[in-house]
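S.K.: Predicted model, plus sequence, below.
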Amino acid sequence: MNFEFQNPTRIIFGAGNLSRLGEAAREFGTRALLVTGGGSVKRNGVFDRAVSSLKAAGITVAECEGIEPNPRITSVARGAATVRKEKCDIIIALGGGSVMDASKVISAAALYDGDPWDMINHGQDKVYVPKQALPVITVPTLAATGSETNCGAVITNEDAKVKSFIQIPLLYPKVAVVDPELTVTVPKDQTAYGVCDLITHVTEAYFNGIDTTPVQDRFAEGVILTAMQWGPKAIADGSDIEARAQVQWSAIVALNGWVQAGTNGAYPVHMMEHTVSAYHDVTHAAGLSIINPAWMRFAAKTNTGKFVQFAERVFGLPAKSADDLDCALEGIDRFEAFLRSIGCPTRFSELGIDGELFETYARDTLKIVRDENGNLPGRPPMSVEDMLGVFRSAL
Ligand code: NZQ
Ligand code: ZN
């Protein structure tokens, strides 16, 4: 292992903490752009409570509403224009991963004269790396992406049919005000998708990383087991604050960089899913839930030992040997069954997606990220044919 780790986002965690938003924001600015999604926070009263807290702290509020799931670059540009017009000096993201991701990119786009799409790695010769950004405070209303405490953002260009990312330390939020009470209105399906997303964040590092990360392996297994224990409770009873809190903390730990530290992993399942999302505008974790088990069956053939470990430690399955492929595959079957049990799809046909564009997804994925041999980074690296095999097996 050879790595650096720093996550500077201050986390204020716990039920009831929304009232502390104003106090947290006041340290960084007095004119806020409050970014929200399609209206859930207005319907459930969270928006009004956030505004009250900000106003009580002497902060004026301009709005950028209507950020869509799979947020568009056009919405980022709209938000940046409002920042300039209203002379905002702080961005507050009140919503799910889509709102938080859009807010992070708005924070840099507002200080950049060019096209914000220049910042998103979409296979262009030179990605523009912003040097300055306004401070961002995240207030997650959905437990899933971990965007609240990481420096990544995923943005879609609808016209180009590309969904891709920016990930730079500049975009770490200053503070994450994490109040599990804000997630009680998340419907069952989105709650389940959040559980699937957070688990996939740790399985990517777990299965694609180097071998010698025993501490990280245990962290990852802890996140998976916790999400599998508490996720179904949060789905069964959305008002169960303890379950909501455990799932939300799991989502944060899953992708704040800590579990990944030193693993040197890659994100092949995410990379493939983003391309599928770009074409079909599907919910991120619905795509992951289909691709991840299919990818696991592919990867288990070459990285069998790690999948045996997963089967033993997560599902308590007995292995005949360290390379018992049957045991590894049984672990994957159990994982897929868990996803189905919480209501996630595991076949493309369930989303109405046929195989017509499979090759296009594979080729487009490689336009965004590829290794020196032209393959998708991961363990093992994947050619177009490999990706096609995975997609077809999940039809
Ligand atoms: O838009 P509103 O009306 O708020 O409704 C949203 C949306 O329809 C709803 N929702 C959110 N909070 C709610 C609520 N409904 C009721 N009560 C609440 N408290 O849920 C729906 C989905 O919201 P969205 O923000 O799209 O979901 P999620 O948090 O799963 O974010 C998904 C986006 O994040 C990206 C994904 O690709 C996708 O674009 N990701 C970001 C990552 C990151 N920054 O680190 C990593 C992830 O792997 C992921 O790629
Ligand atoms: Zn994800």
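M.R.: Okay, I see it. Just so it is clear, the model here is predicted, and its values are computed rather than measured. Ligands and ions are numbered 1, 2, ... in the order given.

S.K.: so where's the stretch 1-150 of the chain uncertain?
M.R.: For the stretch 1-150 of the chain, no stretch has pLDDT under 70.

S.K.: Flag every residue of it that's near ligand 1.
M.R.: Contacts of the stretch 1-150 of the chain with ligand 1, taken as CB under 6 Å from any ligand atom, map to 37-41, 44, 69-70, 95-99, 101, 141-142, 144-147, 150. Just so you know, the C-beta spots here come from the backbone N, C-alpha and C atoms, and that holds for glycine as well.

S.K.: wait, what's in contact with the residue of the chain most remote from its centre?
M.R.: Most distant residue from the mean C-alpha position of the chain: K320, 35.6 Å away (CA atoms, centre = their mean). By CB atoms under 8 Å, 6 or more residues apart in numbering, the residues touching K320 are 326-327.

S.K.: quick one: it is in a strand?
M.R.: No: counting by DSSP: H, G, I helix; E, B strand; the rest coil, one finds K320 to be coil, located in no strand.

S.K.: So for it, what's the pLDDT?
M.R.: K320 carries a pLDDT score of 98 in this model.

S.K.: Give the helix, strand or coil label for the nearest residue to E350 once chain neighbours are set aside.
M.R.: In space, and not counting its chain neighbours, E350 is closest to I290: 7.6 Å by CB to CB, 6 or more residues apart in numbering. What three-state DSSP gives for I290 is helix.

S.K.: Does I290 touch F348 like I think?
M.R.: Yes: I290 sits in contact with F348 when judged by CB atoms under 8 Å, with a separation of 5.7 Å.

S.K.: Check the contact lists of these two and give me the overlap.
M.R.: A394.

S.K.: For those two, indicate the residue with more neighbours.
M.R.: Set I290 next to F348 and count neighbours by other CB atoms under 10 Å: I290 wins out with 31 against 22.

S.K.: Which phi and psi values does the residue most central in space within the chain adopt?
M.R.: The residue lying closest to the centre of the chain (CA atoms, centre = their mean) is T145, at 3.0 Å. With angles defined as degrees, to the nearest 10, T145 sits at phi -80, psi -30.

S.K.: what about it, distance to N70?
M.R.: Using CB to CB, to the nearest Å, T145 is found at 12 Å from N70.

S.K.: And the residue of the stretch 201-350 of the chain closest to ligand 1?
M.R.: Across the stretch 201-350 of the chain, the shortest distance to ligand 1 (CB to the nearest ligand atom) belongs to H284, at 3.7 Å.

S.K.: Isn't that residue up against E273?
M.R.: Yes: using CB under 8 Å, H284 makes contact with E273 at a distance of 6.6 Å.

S.K.: Which parts of the helix or strand encompassing A24 count as buried, going by neighbours?
M.R.: Taking DSSP states H and E as the criterion, A24 maps to helix 21-26. If you call a residue buried by 16 or more other CB atoms under 10 Å, then helix 21-26 has these buried ones: 21-22, 24-26.

S.K.: Among those, which one lies nearest to S341?
M.R.: L21 (35.9 Å; CB to CB).

S.K.: OK, contacts around the closest one?
M.R.: With CB under 8 Å, 6+ apart, L21 has these contacts: 50, 53-54, 92, 137, 139, 177.

S.K.: what about the nearest residue to C344 once chain neighbours are set aside, how many neighbours?
M.R.: Distances taken as CB to CB, 6+ apart place S289 nearest to C344, at 3.8 Å, with adjacent residues excluded. As a burial measure, S289 scores 30 neighbours (other CB under 10 Å).

S.K.: Could you tell me what pLDDT the model assigned to S289?
M.R.: As predicted, S289 sits at a pLDDT of 98.

S.K.: show me the residues around it that make contact.
M.R.: Residues counted as contacts of S289 (CB under 8 Å, 6+ apart) are 193, 196, 339, 344-346.

S.K.: If you rank these by neighbours, which is first?
M.R.: Neighbour tally across those (other CB under 10 Å): the maximum, 27 neighbours, falls on C196.

S.K.: quick one, phi/psi of that one?
M.R.: Backbone geometry at C196, expressed as degrees, to the nearest 10, gives phi -60, psi -40.

S.K.: Could you report the distance from the nearest residue to it once chain neighbours are set aside to E221?
M.R.: Nearest non-adjacent residue to C196, counting by CB to CB, 6+ apart: A285, 4.3 Å away. According to CB to CB, A285 stands 20 Å off from E221.

S.K.: the more surrounded of the two?
M.R.: Legend: neighbour count by other CB under 10 Å for A285 and E221, higher for A285 (27 against 17).

S.K.: Can you give me the pLDDT of the more buried one?
M.R.: pLDDT, read off for A285, is 98.

S.K.: doesn't D189 make contact with it?
M.R.: No: the criterion here is CB under 8 Å, and A285 misses it with D189 at 9.7 Å.

S.K.: circling back to that earlier point, neighbouring strands of the helix or strand following the helix holding A24 in the sheet, and parallel or not?
M.R.: Next in sequence after helix 21-26, counting helices and strands by DSSP H and E, comes strand 31-35. The pairing partners recorded for strand 31-35 under DSSP bridges are strand 60-64 (parallel), strand 90-95 (parallel).
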